[in-house]
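In: give me coordinates for this.
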Amino acid sequence: QQRVLLECAWHALEDAACIPGRFDGSIGVYAGASLSGYLIHNLLRRHAVDPTPAGFGVLIGNDKDYLPSRVSYTLDLDGPAIAVQSTCSTSLTAVHLAARALQSYECDVALAGGSTVRIPHGWGYVYREGSILSSDGHCRPFDHRANGTTVGSGAGVVVLKRLSDALADRDRIDAVLLGSAVNNDGASKVGYTAPSVVGQSRVIAAALATAGVSPASIGAIEAHGTGT
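Out: Residues are numbered from 1 along each chain as shown. Below is the predicted model:
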């Protein structure tokens, strides 16, 4: 997961025409990853995570806490390197925190994203009624037949910059983030792994308020739909 995210970070900076060694400013990294299946299924069968140099190498090469600092070290980025973990919303939360860091001038460019590589590849799962996993291997968000999610692998990174700086530098701008918000449902939901209508409504209202956008002007909604 560290290697895959590192590749994505490199490509993202290249796509943004941002060369770390030549950039006059600091570049931060905000990212997260899921539990390392590679560590559990491959490495720990042969090696123990112990205080020896070999054990320490296994730890820092696979523990998700070292993910952003690995990117910062390898690409020589001297902004904040913050590991973000909020389960399903990790990557979006990383974008939120990175945007806040830019607004407070903790860095001048920020990488935000996440990585998940499921190991072993091709493994299925055992369905249990009431669990978050789909009974037939299909995810149907916003559908009356929705009864769970599925698992997969993927990684993604975006390059964020203050709009004024991007305009001044004549950067290609793919999107403008007008505002964002983060909250939690607390205990007001059906179960621990399910969102609540109240919590979702509050965070959407907060994001709209931060962005100064009227709900009536919204023409499309993109959502993280797991069908759970």
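
In: would you say Ala31 is within a helix?
Out: No: applying DSSP: H, G, I helix; E, B strand; the rest coil, one finds Ala31 to be strand, outside a helix.

In: ok, now how distant is it from Ala81?
Out: 9 Å (Cβ to Cβ, to the nearest Å). Heads up, the C-betas are built off the backbone N, CA and C, glycines and all.

In: which helix or strand contains the residue nearest the centre of the chain?
Out: Nearest to the mean C-alpha position of the chain, counting by Cα atoms, centre = their mean, stands Ser91 at 1.5 Å. Secondary-structure element containing Ser91, defined by DSSP states H and E: helix 90-103.

In: what helices and strands are in contact with the very next helix or strand once past that helix?
Out: Taking DSSP H and E as the definition, the helix or strand that follows helix 90-103 towards the C-terminus is strand 109-116. If you count contacts as 3 or more Cβ pairs under 8 Å, 6 or more residues apart in numbering; DSSP states H and E, strand 109-116 packs onto helix 2-15, strand 27-33, helix 90-103, strand 154-161.

In: can you state the direction angle for strand 109-116 and helix 90-103?
Out: Regarding strand 109-116 and helix 90-103, their directions subtend 170 degrees when assessed with axes from the mean of the first three to the mean of the last three Cα atoms, to 10 degrees.

In: so who does Gln85 touch?
Out: 32, 64 (Cβ atoms under 8 Å, 6 or more residues apart in numbering).

In: one more time with 10 Å
Out: 32-34, 64-65, 67, 93-94, 114 (Cβ atoms under 10 Å, 6 or more residues apart in numbering).

In: quick one: secondary structure of it?
Out: Reducing the assignment to helix, strand or coil with three-state DSSP, the entry for Gln85 is coil.

In: any idea how far it is from Ser104?
Out: Distance, Gln85 to Ser104, by Cβ to Cβ: 21 Å.

In: one more: Leu178?
Out: 17 Å.

In: who has more neighbours, those two?
Out: Comparing Leu178 with Ser104 by neighbour count (other Cβ atoms under 10 Å), the higher total belongs to Leu178, at 12 against 8.

In: is it true that Ala206 touches His96?
Out: No: between Ala206 and His96 there is no contact, the gap being 11.1 Å when judged by Cβ atoms under 10 Å.
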